[in-house]
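1. coordinates for the following, if possible.
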Amino acid sequence: MDYGEMSCADMIAQLRTYADHLRAKVNLIDAAADGDFQIDVIRGPYVQHHVRELQKSAISARAAKGAVG
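-> Sure thing, here's the model as predicted:
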């Protein structure tokens, strides 16, 4: 269905559903520890660019250890 064909109430309900989804993401970000973030510096605007890892995600490291052992 095209957005122009939806009622105002349907559009508002859809926006609120999307806001709930974003709110859940924000809550996860707020609850995460600093070490849980993967931080990279990307230089260059093209697909093949240089990536320098500043911080490895603690979650990724724990997952890798669990997969190995």
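2. tell me the domain ranges of the chain?
-> Using automatic domain parsing, the domain parsing of the chain gives 1-31, 33-69.
3. mind putting those domains into JSON lines with mean pLDDT and mean neighbour count?
-> (C-beta placed from N, C-alpha, C; glycine too.) Below are the domains of the chain laid out as JSON lines (pLDDT from 0 to 100; neighbours: other Cβ atoms under 10 Å):
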{"stretch": "domain 1-31", "mean pLDDT": "88", "mean neighbour count": "9"}
{"stretch": "domain 33-69", "mean pLDDT": "76", "mean neighbour count": "10"}
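4. so which residue is smack in the middle of the chain?
-> Nearest to the geometric centre of the chain sits residue 25, at 7.1 Å (Cα atoms, centre = their mean).
5. from residue 36, how far off is that residue?
-> According to Cβ to Cβ, to the nearest Å, residue 25 and residue 36 sit 14 Å apart.
6. ramachandran angles for residue 32?
-> Main-chain torsions, residue 32, degrees, to the nearest 10: phi -70, psi 150.
7. what about it, distance to residue 57?
-> Residue 32 is 9 Å from residue 57, by Cβ to Cβ.
8. then residue 9?
-> Counting by Cβ to Cβ - residue 9 and residue 57 are separated by 41 Å.
9. how about the strands in this structure?
-> With DSSP state E, the ranges of strands along the chain come out as 39-43, 50-55.
10. check the offset of the last one from the chain's centre.
-> Between the mean C-alpha location of strand 50-55 and the chain-wide mean there is a distance of 18 Å, by Cα atoms, centre = their mean, to the nearest Å.
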